[in-house]
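Peer 1: Quick one: sequence plus predicted model below, questions after.
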Amino acid sequence: MPKILLGYTLEHSRWVFQPTAWRLALRNLSRNIRRNMATGSALALGFAGLLALMGFLYSIDSYLAAYTVYGTQIGHLTVFKSQGFERYAMEPKAYSFSPADQQVIRSTLARHPEIELSSGQLQGSGLISNGCDTQPFQARGTDPDTAQALRQHKELRRWNVPMQSYVRGQSAADLPLDLNPIQLSNTLAKQLNKQKLYSEFDQHDNLAVVPDCTALAKHQLDSNVQLLTKSWADAMSIQDAEVVGVFSGKAEGQKSALTMALPQLQKLLDTEHVSSYGLWLKDPSRAPALAKTLAQELRSAGLNVDIYSWTSKQTNPLYAGTMNFLRIMITFLACVLVAIVVFSIFNASTMTAIERSQETGMMRSLGFERQALTSLFGMEILLLSLISIALGGVIGFIGIEGVQALKIRLYPPGLEGGMELILRPGFKASFLTAVGLVILTTLTALAVQRKIAQQRIINLLSAANR
């Protein structure tokens, strides 16, 4: 007869389906209430702690994902020309997508309904001036309608991402392009003294004013700035623009950032190319598989590309760095909690098995086999584990709701304004954790009881192992 886990045979495994065995297991649990309560409490609190840790990790992950993918408009996938991510800054024309390339990309993307939004993007750099001071800038051009849709995305509302602090003012979609509307990072706006926006001036008298740069007090007289750069045709390009919005930009790479409409930046750089394509998916979990599929399809169409996921440290260092650190920390804490639970179960099971060694010997002498006795002990621990896990779930839920009621704010690096602590452990992760704890505690207890039950009957009756 084939053996299965922990030496059970098919015949003895049927023992667990007998109501009498479960009644006997429940009666045995009531024989040492104090110890079982202490053991169950350790398991319940351990599970509640794991729920809180999982909720914390899941919430931080989801918040940062919404903030970076939709808030900073990185996209779940970013398509570059082959080696374009590394070499675009040095040779922008050679490592960008021409109008013909863009047509190939658009026709390929149209065959994939799992893509919710897509948009060409363009990067450029130059100097920006307020008439007195000049600062370097790094510009990103995006499609205005796509940018507006991303700012209103449901994921930002779901995770309470404060877009009113991320973007203050208007977007390019709200204004005519001939106005040349731009949004500055808050750091760049402070450096240029352009924190008062276009909409905050009297539009009937909002003319560019020549400032007195020698005056001690430099009041902001208008929202006008001048952009200067070298076009792709090797000529100087100058553009007047209006500051219509300010966005978060405390991270090192964002201090000189500005955004504008894609056609506006293309006009400034004198090109019809785009440097990359951003893709936003309906189901982010499909990003790796879709990246491989798109790369193959575009290669078949004669276009070699590199596709980066939003979890890549190259395109999204804020998310990748923060989550790698948190995963290591949470894994360590979870291992400590699980170890405490396992040792508590091991100690309690050992004490119970030793105290009941004479009873085990008596039952063995009456004809009960080792596997049946081990099964009975395992059923007791299984019942205790299920009750404790249910209690731990209630404790964890109450604790999580209590923490969220406090409206605690966290301030991860690079995230201006911080984020509200929202603990939402995923159902799947919570269920798998509960099942894993039940299996682990049951196997731990079975291993202890099996060692006791395998001793000789005479030793068990004489309590020689005490």
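Peer 2: Here it is on my side, so go on. These figures come from a predicted structure and were not determined experimentally.
Peer 1: what helices or strands is the top strand by length along the chain leaning on?
Peer 2: Across the chain, the longest stretch assigned as strand under DSSP state E is strand 115-129. Contact here means 3 or more Cβ pairs under 8 Å, 6 or more residues apart in numbering; DSSP states H and E; on that basis strand 115-129 packs against helix 99-109, strand 134-142, helix 144-151, strand 224-230, helix 262-269, strand 276-281. C-betas here are computed from N, CA, C, even on glycine.
Peer 1: Contacts for the first one, please.
Peer 2: Okay, so that is helix 99-109. Helix 99-109 is touched from outside by 79, 81, 97, 115, 118, 120, 272-274, 277, 279, 294, 297-298, 301-303, with contacts defined as Cβ atoms under 8 Å, 6 or more residues apart in numbering.
Peer 1: Also the third one?
Peer 2: Judged by Cβ under 8 Å, 6+ apart, the contacts made with helix 144-151 from elsewhere in the structure are 70-71, 73, 117-119, 163, 167, 171-174, 177, 259, 261-262, 280.
Peer 1: Drop anything exposed from these.
Peer 2: Buried subset of the contacts of helix 144-151 (neighbour count, 16 or more other Cβ atoms under 10 Å): 70-71, 73, 117-119, 163, 167, 171-173, 259, 261-262, 280.
Peer 1: related to what we said a few turns ago, now that we have the contacts of helix 99-109, which of them are buried?
Peer 2: For the contacts of helix 99-109, a burial check counting by 16+ other Cβ under 10 Å picks out 79, 81, 97, 115, 118, 120, 273-274, 277, 279, 294, 297-298, 303.
Peer 1: M90 and S125, how far apart?
Peer 2: 12 Å (Cβ to Cβ, to the nearest Å).
Peer 1: Report the separation between F247 and G169.
Peer 2: Distance from F247 to G169, by Cβ to Cβ: 9 Å.
Peer 1: what do the two both touch?
Peer 2: Common contact partners of F247 and G169 (Cβ under 8 Å, 6+ apart): Q183.
Peer 1: quick one, what contacts L227?
Peer 2: By Cβ under 8 Å, 6+ apart, the residues touching L227 are G126, L127, I128, F137, A139, I182, I238, Q239, D240, A241, L268.
Peer 1: and what of L383?
Peer 2: By Cβ under 8 Å, 6+ apart, the contact list for L383 reads W22, A25, L26, L29.
Peer 1: Just to be sure, which of the residues you listed are found in helices?
Peer 2: The helices, defined by DSSP state H, take in W22, A25, L26, L29 from those.
Peer 1: which residues does I128 bridge with?
Peer 2: In this entry, I128 is beta-bridged to Q135, L227, by DSSP bridges.
Peer 1: Which parts of the stretch 301-450 of the chain are helices?
Peer 2: Ranges of helices within the stretch 301-450 of the chain are 317-355, 357-365, 370-405, 427-453, based on DSSP state H, counting those that start in this stretch.
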